[in-house]
Structures are given as C-alpha cells and as structure tokens.
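J.: I would like the atomic coordinates for the input below:
(one chain, ligands or ions: 1)
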Amino acid sequence: MATKKKSAPYAVPKLKDFSAAALDKAAEKLLAALEDESSEVKTEADWKTFRDRWMARKDGILTQVNDLWLKAAPKEAKRDAGQRVNQLKLKVEQGVEAALARAQGGGAEPFAADRLDITLPGTRRPLGAEHPVIRTMNEIVAVFRNLGYSMEEGPVIETDYYNFESLNFPPNHPARDTQDTLFLANQESKPLRERLLLRTHTSPVQIRTMEKMKPPIRIVIPGKVHRNDPPDASHSPMFHQIEGLAVDTNITFGDLKGTLDHAMKALFGSSVKTSFRPSFFPFTEPSAEMMVSCFICGGSGKRGNEPCRPCKQTGWIEILGCGMVDPNVFQFVKQNGYDPAKVSGFAFGMGADRIALLKYGVDDIQLFFNGDVRFLAQFG
Ligand SMILES: [Zn+2]
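T.: Just a heads-up that it's a prediction; the model follows:
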C-alpha cells in the first residue's frame, strides 16, 4: 500500500445535475474507485472491510447511491437514475465477489480453511434402504406382475361414493361401522356421496380402474389407507394394503384359489399350503378368508419346545380376504362393459404391514412408522 499514491477515499457525491450524462459520469467515477479499492484486497480481513464499505445495508456505498442518486432524483429523472443504480448494484456485487475469489486464489495469505487436504476422508453419504413395508409391497406387486397383472394407484382422499357406495356399502349399511372412517371436516353441506374422506381401503381403485379400462382386466393395487384406530402393537391409523382384481369371462372361484395359492408359494416358499374359510365382505359374494400354513414354524405350531407366537400355535396364519366380485358392484360400471350377466371376477386384499411384521419377525407395527434409524438400518 505504501507504493500507492495516497488520495482521499472515494465518497458518494450529492448530485445537482440528474441528466443522463451527469449520472453516467458519476457512475464512471464510482466504478473506478471500486476497481481501485478492489485491487488492494489481499486477505480475508481486507475483503471483509471492502465488502462492508461497499455493501453494508446501513450506510454502505450502494445504500448511499440509492439514497443520493435515486431517492433524491427529481421525478423526471427517476427512470434514468433507477436504471443506472441497478447496473451499479450488479457491478459492485460482481466486483466484491471477484475480489474474494482473487484473495482466495493465491493472495499473500490464502485462507487456511480453504486449503485442500487430499488426505482427509471424503464426506460419507449413507445409502438409504427400502423401508421394510415398501419392500414387502414391492415383492407382492412383483409376484402378481409375473402373472400378467398391471399396477394401478388412486387418490388417498376419496369420495364416499368410491370408498363405500360403489362397493356395495349403501348409506347406513352396518358394514360401514366396521371401518372407522376419518372424514374431512366441513363436508356437511355436500350430498353424502360427494363427501371427502381418507380412504379406508384400496378398493376404490377397483371402481376407478373399471371406469377407465374395459374388461378383461388384471390389476394389483398397493397403497396407504387410514382408519380411526388408536395406535398399539398391531394397529396404526395409517397402514398399507395391497389388493387385486381380475375380471374376464368365465372367471371362477377355482381361478381365485389357484392364483392365490401360487402367489403365497412365491411369497413365502413353495412348501406353504393355503386354506379358505367362508367370510363376509360387502363387495364380494361369496367371500372367504384365506390362511397360509405358518411359514415360521412350518405348520407345527411349535418352535423347538416353545409355542409359535405368530400363528398362536395353530399352524395357520390368516393372511387375506377375498371373494368373487359381487354383481352389484359391476352394476356401477356396467356401461363400460362390465355386464354382470357376461363377466365375472375375483378380488382379494391384504395388509402389507402385517405381512411385513410376520416376514421380518417384528412384534410392534409402531416400529415401522416412528422413524427410528437404528430400527430401519437393520433392513439396509
Ligand atoms: Zn407358527
């Protein structure tokens, strides 16, 4: 610095003349000062002082320019002044940035913190893993994909029509009570079938798909569902279902049994057996619950001398609900080719979380959803 001729530091002048030419002249002087001072920046400390002098919000040179050249300009000169002040702002910002780069890139005192130490280990970015529930769902979807099913998805917020009415749950049907539905607030003024709710099952996607695709169809539907269940070891207000639907001419209960038996062997091993017993669902007739022989104890009900807990010593695990599509359901999509006199079909649905619990030997469903990385890391 001693080699430089000393002159008074640059100060932003008040302008009397706001003509374009006068503004340009003033801007030129300012930029010369910027360049001059920038060339003096050698260290981090220098740069900070330089930056603050030009850019400090309170009383930095840019702020003064704004006050003295733009705010003080008479009305007719505002446009010219504004344009120039904006250009100056940009140039000052670039100048300050360039000064930093220059100081860092080999000035008298390169910033110690920015020196590269190639012997330091890199930043580790841990790879995530598929969540056990998602992994289970993907496995189930893959089994049905191999059978020629395609995957369909639908909205989590549904109308009463798709969640209940079109699935043969008429208003006031007692089966509605078994699904503790979470409704969206302030829907009372709407007709019942238009009211919004968090879907209680993935079945609305069956209707939505039949509305857009003519038979034959074979679809598998994974997704989130919600019910007003207080959380405990086996319940969660949010959980996951996978269901399937096949519609064609001449589909029989034998097709249903054969398909599901094959799927269970693909999922749990070729030695598992399946068993069906009668049940009730509003949208299938006849309906059944399907059990698989316990793939944990091999159907014996015992693990060594200990009782097998997952199957409650029965040797069987209840795994899904299924049945032949009720002709009443087809009535809602009859105009798209689903004439119950001509087509038949079967549907099935299972809880993905429950299957994941069994598969991975986890005893509390809450562990899947409370986001403890120590738990989830075991599935990586
Ligand atoms: Zn068992």
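
J.: Which positions in the helix or strand of the chain with the lowest mean pLDDT come out as buried?
T.: The helix or strand of the chain with the lowest confidence, counting by mean pLDDT, DSSP states H and E, is helix 373-376 at a mean of 88. In terms of neighbour count (16 or more other Cβ atoms under 10 Å), helix 373-376 has its buried residues at residue 376. In short, each C-beta sits where N, CA and C put it, glycine included.

J.: Dump that helix to PDB, keeping only the CA atoms.
T.: The C-alpha trace of helix 373-376 is given here as PDB (Å, rounded to 0.1, in the frame of the first residue of the first chain):
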ATOM      1  CA  VAL A 373     -33.000 -45.000  12.200                       C
ATOM      2  CA  ARG A 374     -31.500 -47.700  14.400                       C
ATOM      3  CA  PHE A 375     -34.500 -49.900  13.700                       C
ATOM      4  CA  LEU A 376     -34.700 -49.100  10.000                       C
END
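
J.: Packing partners of that helix?
T.: The helices and strands touching helix 373-376, judged by 3 or more Cβ pairs under 8 Å, 6 or more residues apart in numbering; DSSP states H and E, number zero.

J.: which helices and strands sit right next to whichever strand or helix holds residue 103?
T.: Residue 103 is part of helix 78-104 when elements are defined by DSSP states H and E. In terms of contacts (3+ Cβ pairs under 8 Å, 6+ apart), helix 78-104 is packed against helix 20-38, helix 44-55, helix 61-65.

J.: circling back to that earlier point, just give me how far the least confident helix or strand of the chain sits from the chain centre.
T.: Mean-position distance between helix 373-376 and its chain equals 19 Å (Cα atoms, centre = their mean, to the nearest Å).

J.: one step back: can you identify the element that follows the helix holding residue 103 toward the C-terminus?
T.: Elements were assigned by DSSP H and E; along the chain past helix 78-104, the next helix or strand is helix 132-145.

J.: how far does the following helix or strand past that next one sit from the chain's center?
T.: Of the helices and strands lying after helix 132-145 in sequence (DSSP H and E), the nearest is strand 150-151. Offset of strand 150-151 from its chain centre (Cα atoms, centre = their mean): 20 Å.

J.: can you pull the pLDDT of the residue of the stretch 51-200 of the chain found nearest the ion?
T.: Nearest to the ion in the stretch 51-200 of the chain, going by Cβ to the ion, is residue 136, at a distance of 18.6 Å. Per-residue pLDDT puts residue 136 at 95.

J.: okay, now the closest residue to it other than its chain neighbours: neighbour count?
T.: Nearest non-adjacent residue to residue 136, counting by Cβ to Cβ, 6 or more residues apart in numbering: residue 356, 4.1 Å away. Each residue near residue 356 was counted by other Cβ atoms under 10 Å, and the total is 22.
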